[in-house]
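In: only the shape, not the letters, is given here:
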């Protein structure tokens, strides 16, 4: 980076664009945002260690309290872990096989209903998975025993989890395909037509899609909802049972440690191979992006496949949630405000708090990474590994810390703030990826021009950096807020008495409440999540998708 003289201007005699950096005397230069420094690595390490720190005391107690007589992880945990692993493998394979073709069709071709499909397909990612499990269970009961057997147990959990994983792979594949330049697409079409284009596009997106499919499978290991509703004993359910029924921190910690080891065994290699390409894609590229074209045969095929997937992913479970209201239509008018207004305040507090904290930390992480490709890879790799960890282990870590500190620490470890911080640490990787992408869109030449003209750092940040990062920051806050609201495990373990979120209230009353009440609350949440999703799409520029 360039060097500055005492007047704050670029000194041609003392440095070049690739030479060492100095700041001007008496005022911090704008180049401080672009220059390398030891502080960057130190801040990144501190923030990433803080993200995983709450689980460390629990894991340490679990390791140091192993009894030679009692089973290390319990008698039932082995079978539950095997069920979870098999579901994860099936979900990863289905997501990869189905998600890539759909992503290529959506990215390369224009067809009727494309934008609506993208909006609807993202809904399973932002709504708790147990809501879709409730919908499938309700629908299967009314369709007869064959459908009930098909949508329960192992098959049912695989179906519910696969919809979200396929949607994730579809969106990632579509985004990766959209990075192809117009010249690359035209060259592929000229050399061999649409077949060659699809083959080359598949090679381009195969690695990100493979990692995303693996991530989708790994995330199922940490979700206890569908297993409890559809009758499959899973590892995540066993961990919650060890704490809530036995109140055994050590046993829950050992089970969590085994699950973490298994998760990292799959997530670390995927992150290692996928991070270099993901880091390069985060930078802005000056290229003429491809234009989607209408294609009669492939467009018709895309419409048919997308319609079928939407029916399975969203329409069928929503119909299942609607059927209980047919017999009791007054339930919607009389019962839905009961839980909604009692929980809406805490739901918004958790969403806003987690979104704000995660966005601030994620964008600060992006600022620390700067233009260094090595630091970007480090941030992405560690963030993806952290995102794969079971949220219940981090939440139990907070509970373990709260049980060992005096009462004056209640505002920090036994309050709504604790829930917000835990959720923010859980979804910090999402905000960090958006922050890295937003920071990569700011040209480093802007800081150089500001430094040459003596613009103070605070003014450059206020007039250039902040307006450029604000849209991405708002989108990160909204997205993390939705994801945090859907995370039932963390809120279940950490919420103060009487401070439930709406999904948690549904999760806790679904076993004893009337079916119509549960179905109504599920529909209300899905409609609210859909409205916020449309707002996020609009803020992100839906016309450019």
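Out: Thanks, I have the structure now. None of the values given here were measured: they were computed from a predicted structure.
In: going by C-alpha atoms from here, please, whenever you check contacts or count neighbours.
Out: OK.
In: show me where the stretch 301-450 of the chain has helices.
Out: Per DSSP state H, counting those that start in this stretch, the stretch 301-450 of the chain carries helices over the ranges 316-327, 330-369, 373-388, 391-402, 410-413, 416-426, 428-440, 444-452.
In: wait, doesn't residue 486 sit right on residue 503?
Out: Yes: Residue 486 lies in contact with residue 503 (C-alpha atoms under 8 Å); the separation is 6.6 Å.
In: mutual contacts of those two, please.
Out: Common contacts of residue 486 and residue 503 (C-alpha atoms under 8 Å, 6 or more residues apart in numbering): residue 128.
In: if I look at residue 150, how far off is residue 160?
Out: Per C-alpha to C-alpha, to the nearest Å, residue 150 is found 12 Å from residue 160.
In: which one's more surrounded, the two?
Out: Just comparing residue 150 and residue 160: by other C-alpha atoms under 10 Å the higher neighbour count belongs to residue 160, 25 against 13.
In: okay if I get the helices of the stretch 301-450 of the chain as JSON lines plus mean pLDDT and distance to residue 63?
Out: Formatted as JSON lines, these follow (pLDDT from 0 to 100; distance: least, C-alpha to C-alpha, whole Å):
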{"stretch": "helix 316-327", "mean pLDDT": "82", "distance to residue 63": "42"}
{"stretch": "helix 330-369", "mean pLDDT": "82", "distance to residue 63": "30"}
{"stretch": "helix 373-388", "mean pLDDT": "84", "distance to residue 63": "20"}
{"stretch": "helix 391-402", "mean pLDDT": "82", "distance to residue 63": "14"}
{"stretch": "helix 410-413", "mean pLDDT": "80", "distance to residue 63": "23"}
{"stretch": "helix 416-426", "mean pLDDT": "91", "distance to residue 63": "23"}
{"stretch": "helix 428-440", "mean pLDDT": "87", "distance to residue 63": "27"}
{"stretch": "helix 444-452", "mean pLDDT": "83", "distance to residue 63": "48"}
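In: nearest to residue 172 among these would be which one?
Out: Smallest distance to residue 172 across the helices of the stretch 301-450 of the chain (C-alpha to C-alpha): 12.9 Å, for helix 428-440.
In: other residues contacting that closest one?
Out: With C-alpha under 8 Å, 6+ apart, helix 428-440 has contacts from 282-284, 358-359, 361-363, 365-367, 370-371, 376, 380, 383-384, 386-387, 468-469, 472-473, 476-477, 480.
In: equivalent analysis for stretch 308-327, please.
Out: Taking C-alpha under 8 Å, 6+ apart as the rule, stretch 308-327 contacts 117, 120-121, 123-124, 132-140, 160, 163-164, 331-332, 515-516, 519-520, 522-523.
In: strands of the stretch 1-150 of the chain, start to end?
Out: 109-110 (DSSP state E, counting those that start in this stretch).
In: where does pLDDT dip in it?
Out: In the predicted model, the stretch 1-150 of the chain carries pLDDT under 70 at residues 1-28, 65-74.
In: all helices of it, in order?
Out: 38-52, 55-64, 77-108, 114-121, 123-126, 129-143, 145-150.
In: mind putting those helices into a markdown table with distance to residue 271?
Out: Output for the helices of the stretch 1-150 of the chain, formatted as a markdown table (distance: least, C-alpha to C-alpha, whole Å):
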| stretch | distance to residue 271 |
| --- | --- |
| helix 38-52 | 16 |
| helix 55-64 | 21 |
| helix 77-108 | 15 |
| helix 114-121 | 25 |
| helix 123-126 | 21 |
| helix 129-143 | 25 |
| helix 145-150 | 34 |
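In: closest one to residue 169 among these?
Out: Closest among the helices of the stretch 1-150 of the chain, using C-alpha to C-alpha: helix 77-108, at 5.0 Å.
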